[in-house]
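Student: quick one, what's the 3D model for this:
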Amino acid sequence: MSNRGDDGDGDDGGEIFLGGGPMIPGVDYEAAWLEARAVASDLNAALVGLGLAGDDLIKAQAGWSDDGRGVVFLKGTPSGARRLRVILDRMAARGDVDADGESREPADS
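Tutor: Numbering: from 1, shown residues only. Below you'll find the model as predicted:
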């Protein structure tokens, strides 16, 4: 098993590849990975909506931690990471989202 986070649908044999680190016997990784994979998929849709595709690629990938918790990795090109930082800085400066990622309503609405 590879220690790379990977949200691919399967390997060449048609089996689902969970991605992540070494597996410890007795730890259920699948449920946590499936949750991480769903979140990564949603995040990838948002990243594409922000134009972070092509040369400015940023991609979320599902994996797991050593204790079986799901994790989401962000991987991308340096130009994509710089562009994402600029986007996040602008959102933070405008107060577009709160600490939980929820949209804020304008004060005058």
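Student: avg pLDDT for stretch 91-105?
Tutor: pLDDT averaged over stretch 91-105 equals 72, rounded to a whole number.
Student: could you shift the numbering so residue one becomes 752, and keep it that way?
Tutor: All right, first residue 752 from here; so that's stretch 842-856.
Student: buried ones in stretch 811-821?
Tutor: Counting neighbours by 16 or more other CB atoms under 10 Å, one finds that the buried residues in stretch 811-821 are Ala811, Gln812, Ala813, Gly814, Trp815, Gly819, Gly821. Quick note: C-beta positions are derived from backbone N, CA and C, even for glycine.
Student: and the lengthiest helix in the chain, what's its mean pLDDT?
Tutor: Of all the segments of type helix in the chain, defined by DSSP state H, the longest one is helix 781-800. Taken as a whole, helix 781-800 carries a mean pLDDT of 93.
Student: now Arg834: closest residue in space that isn't a chain neighbour?
Tutor: Taking CB to CB, 6 or more residues apart in numbering, and ignoring the residues beside it in sequence, Arg834 has Asp807 as its nearest neighbour in space, at 4.9 Å.
Student: which pLDDT value goes with the one you found?
Tutor: Spelled out, the predicted local distance difference test score at Asp807 is 81.
Student: could you check how many residues crowd around it?
Tutor: Neighbourhood size, Asp807 [other CB atoms under 10 Å]: 18.
Student: strands of this protein, start to end?
Tutor: Taking DSSP state E as the criterion, the chain carries its strands at 809-815, 821-827.
Student: quick check: which of those is nearest to Arg834?
Tutor: Nearest to Arg834 among those is strand 809-815; the distance by CB to CB comes to 7.8 Å.
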